[in-house]
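[1] Have a look at this prediction, sequence included:
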Amino acid sequence: MVEHPLNSESCLEAVIELLTKRGVSLDDIAEIVFFLQERYVPDLTMQLCLESVQAVLNKREVQNALLTGIQLDMLAEQKQLLPPLQSIIEADEPLFGVDEVLALAIVNLYGSIGFTNFGYVDKLKHGKLAQLNDKSFGVHTFLDDLVGAVAAAASSRIAHRQKQREECLERDS
């Protein structure tokens, strides 16, 4: 991995590089966003979903959460964590919960709808999340929740903007 200077742009590049290395594209996340919002936004496009994912990823708090979680997953794959944390992350222990807590730092940026979207997508494991949750593809204890959180946040961002658009139309009519 290339050494990045510490600024938001370089952190974003590092996050996208890590996501790609871990098998997750921005389009994969946008597809989950589309799934979450297609019933509520009549003119929704994949492009709008992708733009929303990119806007969420531009936030430094999101970048930090992703960098931390992905690094922990990678260290667990390399068996570099101390016991019992190694076993806990490797097995994605149900009572661990730290992976969800890190993901909640992302969804919290978009209010209560972010939490609702995250819970829904975390339960369903739609799209890329199903593969990330499958332990035969590596350790993704943090990544599946973080990707779900980015999708939930991007979905919430679209929902907030849709509501603003509807209110403007009502005001103008």
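    That came through, no problem. Numbers count the residues shown, from 1 in each chain.

[2] Regarding Lys79, what are the backbone dihedral angles?
    Backbone dihedrals for Lys79, given as degrees, to the nearest 10, come out at phi 60, psi 40.

[3] ok now do it, which residues does it touch?
    Shown in contact with Lys79 (Cβ atoms under 8 Å, 6 or more residues apart in numbering): Gln86, Glu90. Every residue, glycine included, has its C-beta placed from N, CA and C.

[4] Distance of it relative to Leu102?
    With distances taken as Cβ to Cβ, to the nearest Å, Lys79 is found 21 Å from Leu102.

[5] can you check Val56 too?
    Per Cβ to Cβ, Val56 is found 15 Å from Leu102.

[6] Over to Ala55?
    Computed as Cβ to Cβ, the Ala55 to Leu102 distance reads 20 Å.

[7] ok, the two, which is more surrounded?
    Leu102 (19 against 14; other Cβ atoms under 10 Å).

[8] helices or strands up against the helix or strand of the chain with the lowest mean pLDDT?
    Every helix and strand of the chain was ranked by mean pLDDT, DSSP states H and E. The lowest is helix 143-172, at a mean of 91. Contacts defined by 3 or more Cβ pairs under 8 Å, 6 or more residues apart in numbering; DSSP states H and E place helix 143-172 against helix 26-37, helix 46-57, helix 60-77, helix 98-107, helix 112-124, helix 128-133.

[9] how about the spatially closest residue to Phe34 that is not a sequence neighbour, what does it touch?
    Among residues not flanking Phe34 along the chain, Cys49 sits closest, at 4.8 Å (Cβ to Cβ, 6 or more residues apart in numbering). The neighbourhood of Cys49, defined by Cβ under 8 Å, 6+ apart, consists of Ala30, Glu31, Val33, Phe34, Gln37, Ala154, Ile158.
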